[in-house]
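Novice: from the sequence below, what's the structure:
(chains A and B)
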Amino acid sequence: MTTHKIWDPFVRVFHWSLAGLFAANALIVDDDSWIHEWIGYAVAALVGLRILWGVIGPRHARFAAFAPTPSDVTEQITDIATRRRRAHLGHTPLGALMIFNLLLTMLAICASGYMMTTDAFWGVEWVEEVHEALVTWAELSVIAHIAAVLYESHRTGINLPRAMVTGTKRVPDDIRVVE
Amino acid sequence: MTNPKRDTIPWLMGLIAVQSLCAAFFVWDVLGDMGPRGLRALSNLHIATEALAALALVAGIVFETRYLMRLLRRTAHLEEQVSIASGAFHEIILAHFEHWRLTPAESDVAMFALKGFSIAETARLRGSAEGTVKAQLNAVYRKAGVSGRGALLGLLVDDLLNGGVMDGPSATA
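Specialist: From the prediction side, this is the model:
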């Protein structure tokens, strides 16, 4: 068992606060309340900071370090198909795709939600429909994200949720490590 | 020089992704149409047809995903092999693997064994414990009815020289 320090404090705080704020707004908080709006602004600010961090942050936080090529994706699915175990120290290629999907969806939800507060789009039906459709999409993505994290943890023997809490990945000895 | 099958892999992955989106939308739509009546809503011809179409799409995605995984397993060992002879040998090997009903992991281990990798090397390449590889190799030999690696290779080479593929599943899928 080797340990690798992977996730910096900002990435971890970002992950869990985004998860908490999104869950609060999607499931708990009343849609018409001022709290819903302010949570939306907080999400926008968080995602904005994460994008900045993706450019100037440490190695494993940078988009350039984990943006996958098609062949990266093919290799990961080949690992799954052949039951080979390789550990990516940073984000896996498929995981990276989910990150981009979630970041963009969050921004689009924030944008459409903000539009609903403006004079120009207040009460406009399609804006509200887009906002709700995007939230449904985000919810499905979150379910897929959690399922994939559990599957990958099981497949590679690395406890990924734990790593997102402690910042440290504990990698089994016999697994192949890439990067 | 490139394997035409391999070129289709990114397209296939994209197709599966797009179809999954469509399927998610249609399933969601059908569930919405069914509403509080639940399964009894299927007595409505329109809703029943929609549900059937959505199910067919899901079945298609499952089939395509299985095909993709198979394709990836097939190409996993073809990286440096471009000659017709090695391609044909590869087909024969895979046909036997399917006939013996090797699991994906056993097929992979068996392929490494045929290529001459030691158990330690195979374990390192696959990211698994040596004991696991040993157990998988033993399963391969048992399923193939041979005593060891040499006999396994002999059996396959024999088939290649005889020019035929055994009466198992087709090798040209």
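Novice: what residues are up against B:A120?
Specialist: Contacts were defined as C-beta atoms under 8 Å, 6 or more residues apart in numbering or on different chains; by that measure B:A120 touches B:E130. Where C-beta positions appear, they are placed from N, C-alpha and C, glycine not excepted.
Novice: from chain A, how far out is it?
Specialist: Separation of B:A120 from chain A (C-beta to the nearest C-beta, to the nearest Å) stands at 11 Å.
Novice: from B:G131, how far out is that residue?
Specialist: Using C-beta to C-beta, to the nearest Å, one gets 11 Å for the distance from B:A120 to B:G131.
Novice: hey, where'd the helices end up in chain A?
Specialist: Listed in chain order, the helices of chain A (DSSP state H) span residues A:9-23, A:34-56, A:63-66, A:70-82, A:93-115, A:125-156, A:160-166.
Novice: go on, chain B?
Specialist: For chain B, the helices defined by DSSP H occupy B:4-34, B:45-75, B:84-99, B:104-114, B:119-126, B:130-144, B:149-161.
Novice: report the distance from stretch B:95-104 to the chain centre.
Specialist: 10 Å (C-alpha atoms, centre = their mean, to the nearest Å).
Novice: hang on, B:A105 packs against A:R83?
Specialist: Yes. Taking C-beta atoms under 8 Å as the definition, B:A105 is a contact partner of A:R83 at 3.8 Å.
Novice: overlap of the contact sets of those two?
Specialist: Joint contacts of B:A105 and A:R83 (C-beta under 8 Å, 6+ apart) are B:R126.
Novice: and chain A, which residues reach chain B?
Specialist: A:70, A:73-74, A:77-78, A:80-87, A:136, A:140, A:156, A:174-176 (C-beta under 8 Å from any C-beta of the partner chain).
Novice: what ranges of the chain fall below the confidence cut-off?
Specialist: Looking at chain A here, since you left the chain open. Within chain A, the set of residues satisfying pLDDT under 70 is empty.
Novice: I was after chain B.
Specialist: B:1-6, B:79-86, B:163-173.
Novice: one more pass at 90, please.
Specialist: Chain B contains residues with pLDDT under 90 at B:1-11, B:24-48, B:70-71, B:73-95, B:115-116, B:156-173.
Novice: smallest distance to chain A belongs to which residue of it?
Specialist: Going by C-beta to the nearest C-beta, chain A is nearest to B:G127 of chain B, at 3.3 Å.
Novice: tally of neighbours for that residue?
Specialist: B:G127 has 22 neighbouring residues, counting by other C-beta atoms under 10 Å in any protein chain shown.
Novice: A:P70 too?
Specialist: By other C-beta under 10 Å, 12 other residues sit near A:P70.
Novice: so what's it up against?
Specialist: Contact analysis of A:P70 by C-beta under 8 Å, 6+ apart lists B:10, B:13.
Novice: run the last query once more with 7 Å
Specialist: A:P70 is in contact with B:P10, counting by C-beta atoms under 7 Å, 6 or more residues apart in numbering or on different chains.
Novice: same check on the one 10 residues further on?
Specialist: For A:I80, no contacting residues are found, by C-beta under 7 Å, 6+ apart.
Novice: likewise the one 3 residues further on?
Specialist: Remark: with contacts taken as C-beta under 7 Å, 6+ apart, A:R83 is in contact with B:104-105, B:108.
Novice: same check, this time on B:G150
Specialist: By C-beta under 7 Å, 6+ apart, no residues touch B:G150.
Novice: leaving out chain neighbours, which residue sits closest to A:N25?
Specialist: Distances taken as C-beta to C-beta, 6 or more residues apart in numbering or on different chains put A:I39 closest to A:N25, at 4.8 Å, once the chain neighbours are dropped.
Novice: what does A:H145 give?
Specialist: Nearest one to A:H145, counting by C-beta to C-beta, 6+ apart, is A:M98 at 5.3 Å.
Novice: now do the one you found against chain B, distance only.
Specialist: A:M98 is 12 Å from chain B, by C-beta to the nearest C-beta.
Novice: what number of residues lie near residue 155?
Specialist: In the absence of a named chain, chain A is used. 16.
Novice: please go with chain B instead
Specialist: For B:L155, using other C-beta under 10 Å, the count is 14.
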